[in-house]
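Asker: following is a predicted model, sequence given first.
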Amino acid sequence: MSRDLTIRFVTRQDHDQWLPLWDGYNAFYGRSGPTALAPDITAMTWARFFDGYEPVHALVAESDGALLGLTHYLFHRSTTAIEPSCYLQDLFTGAAARGKGVGRALINAVYAQARLAGSPRVYWQTHETNLTAQRLYDKVADKSGFIVYRKIF
């Protein structure tokens, strides 16, 4: 990997390189084969990045013309703050880029975007078994102590 890592907003021309990273991220969380996301969900996710009315954003890590990783984040209101909160929803690096600072660079780029938007916090969640990612997360953020509950309909 070249040392010239660039973190930038995704462009429409990135779709063919973004899609395998997106598919890898979803496969990591068990969304592949018979449990894969429906194609219309992926298409809508992609479209939201380019819709000015959507609070969903995408950054990619690029080196030598190749996308190495992605992050998707969104801003939302809160009942406990005036400023928007920033939720880092997805973070993924390709296997060849892992352990080389790409994930950290993507997180730092989300931090920068949150600051620009006036957001006082960035938060995310990961699966309890994702120990590799947690080693990085423990270095760049604090655990909130909250447990996530959900009900799927």
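Answerer: Yes, it's here.

Asker: so what's the residue count around the closest residue to residue 137 other than its chain neighbours?
Answerer: Excluding the flanking residues, the one nearest residue 137 by C-beta to C-beta, 6 or more residues apart in numbering is residue 126, at 6.7 Å. (C-beta placed from N, C-alpha, C; glycine too.) For residue 126, the neighbour count with other C-beta atoms under 10 Å is 14.

Asker: with the one 5 residues further on instead?
Answerer: Residue crowding around residue 131 was assessed by other C-beta under 10 Å; the count is 9.

Asker: the one 4 residues further on too?
Answerer: Residue 135 has 10 neighbours, counted by other C-beta under 10 Å.

Asker: secondary structure element holding residue 127?
Answerer: In the assignment (DSSP states H and E), residue 127 maps to no helix and no strand.

Asker: ok, it to residue 43 distance?
Answerer: 25 Å (C-beta to C-beta, to the nearest Å).

Asker: tell me who's in contact with the residue nearest to residue 137.
Answerer: Contacts for residue 126 (C-beta atoms under 8 Å, 6 or more residues apart in numbering) come out as 133-134, 137.

Asker: recalculate using a threshold of 10 Å.
Answerer: By C-beta atoms under 10 Å, 6 or more residues apart in numbering, the contact set of residue 126 is 29, 91, 132-134, 136-137.

Asker: looking at it, residue 139 is touching residue 104, isn't it?
Answerer: Yes. Counting by C-beta atoms under 10 Å, residue 139 touches residue 104, with 7.8 Å between them.

Asker: tell me which of those two has more neighbours.
Answerer: Set side by side, residue 139 and residue 104 show more neighbours around residue 104, with 14 against 9, by other C-beta under 10 Å.

Asker: could you confirm the more buried one falls within a strand?
Answerer: No. Assigned with DSSP: H, G, I helix; E, B strand; the rest coil, residue 104 falls outside any strand and is helix.

Asker: tell me which of the contacts of residue 126 fall in strands.
Answerer: Among these, the ones falling in strands (DSSP state E) are residue 91.

Asker: neighbour-wise, which of the contacts of residue 126 leads?
Answerer: Most neighbours among those, by other C-beta under 10 Å: residue 91, with 22 neighbours.
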